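1. here is my input; please provide its structure:
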Amino acid sequence: MNQILALREKRANLWNETKAFLDSHRSEDGMVSAEDNATYEKMEADVVALGKEIDRLERQVAIDREMDQPTASPLVSRPVAPTAQKQGRASDEYKTAFWGMIRNRVATPGVMNALQVGTDSEGGYLVPDEYERTLVQGLEEENVLRSLCTVIQTSSGDRKIPLVASHGTASWVDEEGTIPDSDDTFGQITIGAHKVATMIKVSDELLQDSVFNIESYIAAEFARRIGAAEEEAFITGNGTGKPTGLLHATNGAGIGVTTNGNTPTADEIFDLIHSIKSVYRKKAVFLLNDSTLKALRKLKDGQGQYLWQPGLKEGQPDTLLNYRLVTSPFMPEIDSGNKVILFGDFKSYWIADRQGRSFQRLNELYAATGQVGFRATQRVDGRLVLAEAMKCLAVKA
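-> You can find the predicted model right below:
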């Protein structure tokens, strides 16, 4: 913990030195020489690298804290009520049968019978309940939007979400006067399910090796591949065969500010913040590409203070005007016509998971090379349900 605090102090001091260097090496017209700019970028890269190292150390501390938890409860003299036996995909029998099927080419009749409760419509098998929670956690770590947005579960069919299109109003009336009608009007949007899939190949030797943790490997690969595909669709998806992304031209976030230059100005960032109602600004977050964040680090307010500030305490994120910053490689870079910054309450974007992620073992497809294929699938959709809660900053075409 002391190491993390020391690194945070070091990062804050280095950032102050970086700002001072940039200020002291500007010419009278505000320009910086190529040599000085290279030095500044090296110092800025060191600030970024320290931030990543702090994040790694904080994750290690969290894992160590979890591993230090007691693994058993103390014995007590009072009788304990028997625990209800888990059923279906939550049962130990199903879990054992599932991983037996994963490791062995030929499944026994007993294994096949146990797996019947988790057979999906396409011949695959739904993952055990506890393992599914592991996959969901992995997807949240790989996909930054899952931790920001509203995630719901759907069992089957489309999910209709009612929306208030307009609100009624109150009116002043005379004594015994007629009170005018003023009703709310309602609309709805539909969230369905789109399939995202990936193929995983594992050699026969690794599957038979009891030391190789096939569960962790598949969970990590599934989260990495599916998480990246999801995050890209949640941002740029067109709604055809995939979710409708936040940057969609008609069903995504509206344009709050349009910048004319290559880099947004401090005034334009202020305008973007105030382009949404104050009630949504309470939980608002910036989403942008890392290259865009690099450009924003040089912005100052009217008093000469930098808008970007590094987090100084454990768990405290870097901020821009006191709003949390989240980066994604799928946000467009600064270029003509691009929407480069999203700002708002991301809880207004809903992600609908169709319950049950499935694996299908493919014994014959890669048999010639001594490998076994696994097809992993998930069905998910996403849609911005409250457009007024989010705006974007676009670069003029």
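
2. burial measure for the closest residue in space to Gly370 that isn't next to it in sequence, as a count.
-> Leaving aside its chain neighbours, Gly370 sits nearest to Asp204 (5.2 Å; criterion: CB to CB, 6 or more residues apart in numbering). (Glycine included, C-beta is placed from N, CA and C.) By the measure other CB atoms under 10 Å, the count of residues near Asp204 is 15.

3. same check, this time on the one 4 residues further on
-> A count of neighbours around Gln208, defined by other CB under 10 Å, yields 11.

4. confidence score at it?
-> Listed pLDDT for Gln208 reads 74.

5. give me the phi and psi for it.
-> Backbone geometry at Gln208, expressed as degrees, to the nearest 10, gives phi -80, psi -10.

6. rewinding a little: got phi/psi on the residue nearest to Gly370?
-> phi -60, psi -40.

7. do I have it right that His194 meets Lys242?
-> Yes. His194 is within contact range of Lys242, at 5.2 Å (criterion: CB atoms under 8 Å).

8. so the residue nearest to Gly370 versus Val372, what's the distance?
-> Asp204 sits 7 Å away from Val372, going by CB to CB, to the nearest Å.

9. where do the helices of this structure begin and end?
-> Applying DSSP state H to the chain gives helices spanning 2-24, 34-67, 92-103, 109-115, 129-142, 204-208, 214-236, 266-273, 278-281, 290-296.

10. count of residues packed around the nearest residue to Gly245 once chain neighbours are set aside?
-> Nearest residue to Gly245 in three dimensions, chain neighbours excluded: Gly237, at 3.8 Å (CB to CB, 6+ apart). Neighbourhood size, Gly237 [other CB under 10 Å]: 25.

11. residue contacts, Gly237?
-> Applying CB atoms under 8 Å, 6 or more residues apart in numbering to Gly237 gives the contacts Pro243, Thr244, Gly245, His248, Gly382.

12. if you set the cut-off to 6 Å instead, what comes out?
-> When contacts are counted by CB atoms under 6 Å, 6 or more residues apart in numbering, Gly237 touches Pro243, Thr244, Gly245.

13. in JSON lines: these, plus neighbour count and pLDDT.
-> Below are these laid out as JSON lines (neighbours: other CB atoms under 10 Å; pLDDT from 0 to 100):
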{"residue": "Pro243", "neighbour count": "29", "pLDDT": "92"}
{"residue": "Thr244", "neighbour count": "23", "pLDDT": "93"}
{"residue": "Gly245", "neighbour count": "24", "pLDDT": "95"}
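
14. so which of these is the closest to Leu7?
-> Gly245 (35.6 Å; CB to CB).

15. any idea how far the closest one lies from Val279?
-> On the measure of CB to CB, Gly245 and Val279 end up 24 Å apart.

16. now swap in Glu142 and tell me
-> Counting by CB to CB, the gap from Glu142 to Val279 is 31 Å.

17. what do you get for Val380?
-> Taking CB to CB, one finds Val380 at 29 Å from Val279.

18. do the same with Ile341
-> 20 Å.

19. equivalent analysis for Glu231, please.
-> 27 Å.

20. between those two, who's got more neighbours?
-> The residue with more neighbours, out of Glu231 and Val279, is Glu231; 21 against 10, by other CB under 10 Å.

21. ramachandran angles for the nearest residue to that one once chain neighbours are set aside?
-> Of all residues not flanking Glu231 in the chain, Asn143 sits nearest, at 4.5 Å (CB to CB, 6+ apart). Backbone geometry at Asn143, expressed as degrees, to the nearest 10, gives phi -110, psi 110.

22. looking at the protein, which helix or strand is least sure?
-> helix 109-115 (a mean of 47; mean pLDDT, DSSP states H and E).

23. how far away is the closest residue to Met390 other than its chain neighbours from Gly254?
-> In this structure, Met390 finds its nearest non-sequential neighbour in Gly344, 3.0 Å apart by CB to CB, 6+ apart. Taking CB to CB as the measure, Gly344 falls 10 Å from Gly254.

24. with Ser27 instead?
-> 39 Å.

25. domain-wise, how is this protein divided?
-> Listed domain ranges for the chain are 2-24+33-60, 254-350+387-395 (source: automatic domain parsing).

26. state the mean pLDDT of the longest one.
-> For domain 254-350+387-395, the mean pLDDT works out to 90.

27. and for the first one?
-> Averaging pLDDT along domain 2-24+33-60 gives 85.

28. where's that domain relative to the chain centroid, distance-wise?
-> In terms of CA atoms, centre = their mean, to the nearest Å, the centre of domain 2-24+33-60 is found 25 Å from the chain centre.

29. repeat for the last one
-> Relative to the chain's own centre, domain 254-350+387-395 is displaced by 17 Å; criterion: CA atoms, centre = their mean.

30. for that domain, measure first residue to last.
-> Terminal residues of domain 254-350+387-395 are spaced 13 Å apart (CA to CA, to the nearest Å).

31. run a quick neighbour tally on the closest residue to Glu141 other than its chain neighbours.
-> Leaving aside its sequence neighbours, Glu141 sits nearest to Ala223 (CB to CB, 6+ apart; 6.7 Å). By the criterion of other CB under 10 Å, Ala223 has 21 neighbours.

32. verify the stated contact: Ala223 with Glu142.
-> Yes. Counting by CB atoms under 6 Å, Ala223 touches Glu142, with 4.6 Å between them.

33. mind listing what Leu293 touches?
-> Taking CB under 6 Å, 6+ apart, one finds Thr327 in contact with Leu293.

34. hmm, Ser348 is touching Arg383, no?
-> No. Using CB under 6 Å, Ser348 makes no contact with Arg383, being 10.0 Å away.

35. neighbour-wise, which of these two wins?
-> Taking other CB under 10 Å, Ser348 and Arg383 do not tie; Arg383 has more neighbours (25 against 21).

36. what about the closest residue to Glu140 other than its chain neighbours, neighbour count?
-> Distances taken as CB to CB, 6+ apart place Arg146 nearest to Glu140, at 4.4 Å, with adjacent residues excluded. By other CB under 10 Å, 21 other residues sit near Arg146.

37. any idea how far Arg146 lies from Ile152?
-> Arg146 is 12 Å from Ile152, by CB to CB.
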